[in-house]
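# Sequence first, predicted coordinates after that:
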Amino acid sequence: MQVHAHYIDGRWDSPQGREVIEVDSPTDGSLVGAVVAGDAGDVDRAVAAAVAAFPGWAATDMAERIRLVEALAAALAEHREELAQTLSSEMGAPVEFARGAQVGVAIRDLEELVAAARAHRPRRAASGSLVVAEAAGVVAAITPWNFPLHQIMLKIGAAVLAGCTVVLKPSEVAPLNAVIVARLVDAIGFPAGVINVVFGDGAGVGAPLTAHPGVDVVTFTGSRAVGAAVAKAASDSIKRVSLELGGKSAAIVLPDAPLAASVAAILGSCFANTGQTCAALTRALVPRSLVGDFLDEARSQAAAWAPGDPAGTTRMGPLTSAAQRDKVAGFVARAAGEGAEIVFGGEAPAALDGAFYEATLLAAVTPEMEVFREEVFGPVLALVPYDTVDEAVELANDSRYGLSGAVFSADDGAALAVALRLRTGSVGLNGAGLDVGAPFGGYKESGIGREAGAWGLEEFLELKTVMGAAHLA
Ligand code: NAD
């Protein structure tokens, strides 16, 4: 797929710049496609189109917005295979995983947003006033490569249902799924300028988009470091900013937890998508007396996570690039240097050429170690022993991040009591995973704001108080 245009104002628009971004397969290094690298001039044209389209779109009936977003969900379902194959070839997810956890979840995102939009009541009385929820304006949406379609849909689905217009800058690492999205948006017939897509990297497109005076809201998903830069750039013109950043999420295994099922859920969370999941459970907190049993069980399940060709039946493909693989290898080497014990994994498999790395379990990890604190964004689980439940809670909360977590116990009530002590935006009980009908986002340095469902819509709404008008609600 070679695309030398941006999608602006309802058409494929000749770019200002001629530079291209090549997309290589992390599996075998082959060229899978290319997009044009945009620049500030492309951003200007896209923002101008979104600004021009805003008044008309904000005034469009909710029923019409819902009709178009439902059509987008149906189009994703119809193109599921093409999207799954594209995602797999550009970022390495196993095709079967891409069909479900990448494309299927993106469809569910839109379904839940539509349900929230149907239930949404834009006018209500408060004290003596009428309070009206209105579209917040032009949205800049900047997304990463790890669950690219899901992240795009959470943002553009919510924004357009709220009545906002959007300029999307997808990740330059995995932009090809966004090309398909733009084609589907075009075919469905969204009004020109409601959804615009500008391809390019952070410096060329992300930075000018974030600072653009025509943009009212910036919604960003990505790394903590870039999120901080985005917030700074947006603050000059007092834009509303929501950030979905990284995590170092902890799974607390309580002493009565069913061990095999707990281990399966923790390995699944940590190793799926080759560990490139912001909410992955990457620290396993295990009662000291159960560490041996936990390690035996984890060893017995490790073979299920052998890396392999993502076109086949493997559960774990390559990392998204050789650079990402080398970053992961560096984390593991430094952890071993600091005294962590490599229980399994810890190597790039010799038999595979691409950006592969073995599922890795590190034991005897302590809070002083880098791997306890920093997001690896690879298939690396750190096991930390604990002696009391209070200590487990303290270890879990001993992080600059606060995205997610998990508690495992035979007693749901006991698990909930521990879950409520975690300073994180979500907690899974006994293996429960992402729920796109409920809010998703982080405490602390994991971000600002919430995505998904009704909470996702609110990120794109402003409130207007009309005093003396409560009787008109
Ligand atoms: P990244 O921060 O490098 O890039 C994210 C996006 O920001 C890309 O589109 C990139 O081009 C753009 N960008 C880069 N510099 C920019 C700048 N100066 N101004 C504006 N935009 C800029 O992140 P990544 O490597 O693509 O993704 C991995 C990270 O994303 C991980 O840290 C992960 O935890 C995080 N993540 C978080 C969530 C969440 O919801 N909390 C979900 C997925 C990924």
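On my side now, so go ahead.
# Can you give the domain ranges for the chain?
The record's domain parsing of the chain by automatic domain parsing lists 3-245+447-472, 249-436.
# Can you tell me the centre-most residue of the protein?
Gln151 (5.0 Å; C-alpha atoms, centre = their mean).
# After the helix or strand containing it, which helix or strand is next?
Gln151 belongs to helix 148-162 when assigned by DSSP states H and E. Later in the chain than helix 148-162, the nearest helix or strand by DSSP H and E is strand 165-169.
# tilt between that following strand and helix 148-162?
When axes from the mean of the first three to the mean of the last three C-alpha atoms, to 10 degrees is applied, the directions of strand 165-169 and helix 148-162 differ by 160 degrees.
# Given strand 165-169, what are its sheet partners and their directions?
Strand 165-169 has its sheet partners listed here by DSSP bridges as strand 138-142 (parallel), strand 195-197 (parallel).
# most packed of those?
strand 195-197 (a mean of 30; mean count of other C-beta atoms under 10 Å). For every residue, glycine as well, the C-beta is placed using N, CA and C.
# touching the ligand at all, stretch 378-387?
No: using C-beta under 6 Å from any ligand atom, stretch 378-387 never reaches the ligand; the gap is at least 10.9 Å.
# Now do that stretch: distance to the chain's middle.
Centroid separation between stretch 378-387 and its chain, computed with C-alpha atoms, centre = their mean, to the nearest Å, is 22 Å.
# Buried residues, that stretch. List them.
Gly378, Pro379, Val380, Leu381, Ala382, Leu383, Val384, Pro385, Tyr386 (16 or more other C-beta atoms under 10 Å).
# mind listing what Asn397 touches?
Asn397 is in contact with Arg421, Leu422, Arg423, counting by C-beta atoms under 8 Å, 6 or more residues apart in numbering.
# From those residues, pick the one nearest Asp296.
If you rank the contacts of Asn397 by distance to Asp296 using C-beta to C-beta, Leu422 comes first, at 27.2 Å.
# and the closest residue to the closest one other than its chain neighbours, bridged to which residues?
Nearest non-adjacent residue to Leu422, counting by C-beta to C-beta, 6 or more residues apart in numbering: Gly405, 4.7 Å away. In this entry, Gly405 is beta-bridged to Ala250, by DSSP bridges.
# Mind listing what's buried along stretch 304-313?
Residues Trp305, Pro307, Gly308, Asp309, Pro310 are the ones in stretch 304-313 that count as buried (16+ other C-beta under 10 Å).
# ugh, typo on my part, it should be stretch 242-256
By 16+ other C-beta under 10 Å, the buried positions in stretch 242-256 come out as 242-254.
# Go back to those and keep what's next to the ligand.
Glu244, Leu245, Gly246, Gly247.
# okay if I get the residues you listed as CSV plus pLDDT and secondary structure?
Below are those laid out as CSV (pLDDT from 0 to 100; DSSP: H, G, I helix; E, B strand; the rest coil):
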residue, pLDDT, secondary structure
Glu244, 97, strand
Leu245, 96, coil
Gly246, 94, coil
Gly247, 97, coil
